[in-house]
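[1] Got a predicted structure here, sequence first:
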Amino acid sequence: MKCGKMYDFIAIEGNIGAGKTTLSQMIARHSGAKLVQEQFADNPFLPKFYEDPSKHAFPLELFFLAERYHQLKAHFANPDLFQQKVVSDYFIGKSLIFSRNNLSEDELKLFRNLYDIMFSNLPKPDLLIYLHLQTEGLQKNIKKRGRIYEQSIQDEYLDAVQKGYLDFLRQQKALRSVIVSMDGHDFVEDNSCLDRIYSIIERKFPLGVSYVDLSEDI
């Protein structure tokens, strides 16, 4: 694949603890792009969800969906003319992925109707990078960053989220997605790893899902 200029709108995704926020910050600084970050800490239902998922899952997912929609809508309605490139540390499609794991059948049906309306009114990323890390690595990162309400997350939940992401991406034929295996790689401590990721955002990928192994020359 040939190299070219950076995509105008890049979204970084991954499971809980994959490093998407850190990487999006690095890419934005490196490229001079506008950074759009999810304000997950503002969701009052998040700590409650981890305590009692069945009771708080629906308001949790509705809050996230509304916040993501309003944030992206506000940004793209008033773009910064001097910063045309955008890097986001989330893709609004994650709302559908998590809702499938967390909601009952009736709740999911209502949620999906709302999601479809919002999704159709937002620009789609020109490139989505999915950081794929095995559960052991995710748990290590979760423990390291020390958010109290995350410390009880079970491996089974992370496995289900990972499967949900991969199934979702494989179905998005009109979305340009790149799954990057991060096992054994640390872009925070290893500059060569980070440089390889930087090269990804300038490669021309086809629509659909592509896979990148950072151990290979790219």
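    The structure has been received and is ready for your questions. Residues are numbered from 1 along each chain as shown.

[2] Skip the chain neighbours and tell me the closest residue to residue 194.
    Using Cβ to Cβ, 6 or more residues apart in numbering and skipping residues adjacent in sequence, the residue nearest residue 194 is residue 187, 4.4 Å away. C-beta: built from backbone N, CA, C; applies to glycine.

[3] can you tell me which residues contact that neighbour?
    Taking Cβ atoms under 8 Å, 6 or more residues apart in numbering, we find residue 187 in contact with 19, 22-23, 26, 193-194, 197.

[4] can you check residue 12 too?
    20-21, 23-24, 27, 87-90, 128-129, 131.

[5] just residue 122 next, same as before
    69, 72-73, 76, 92.

[6] Now render these as TSV, adding pLDDT and secondary structure.
    Compiled in TSV, these are given as follows (pLDDT from 0 to 100; DSSP: H, G, I helix; E, B strand; the rest coil):
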residue	pLDDT	secondary structure
69	94	helix
72	91	helix
73	90	helix
76	84	helix
92	94	coil
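
[7] Drop anything exposed from these.
    Using 16 or more other Cβ atoms under 10 Å as the burial test, the contacts of residue 122 include 69, 72, 92 as buried.

[8] Quick check: the gap between the closest residue to the second one other than its chain neighbours and residue 33.
    Leaving out its chain neighbours, the residue that sits closest to residue 72 by Cβ to Cβ, 6+ apart is residue 122, at 5.3 Å. Taking Cβ to Cβ, to the nearest Å as the measure, residue 122 falls 18 Å from residue 33.
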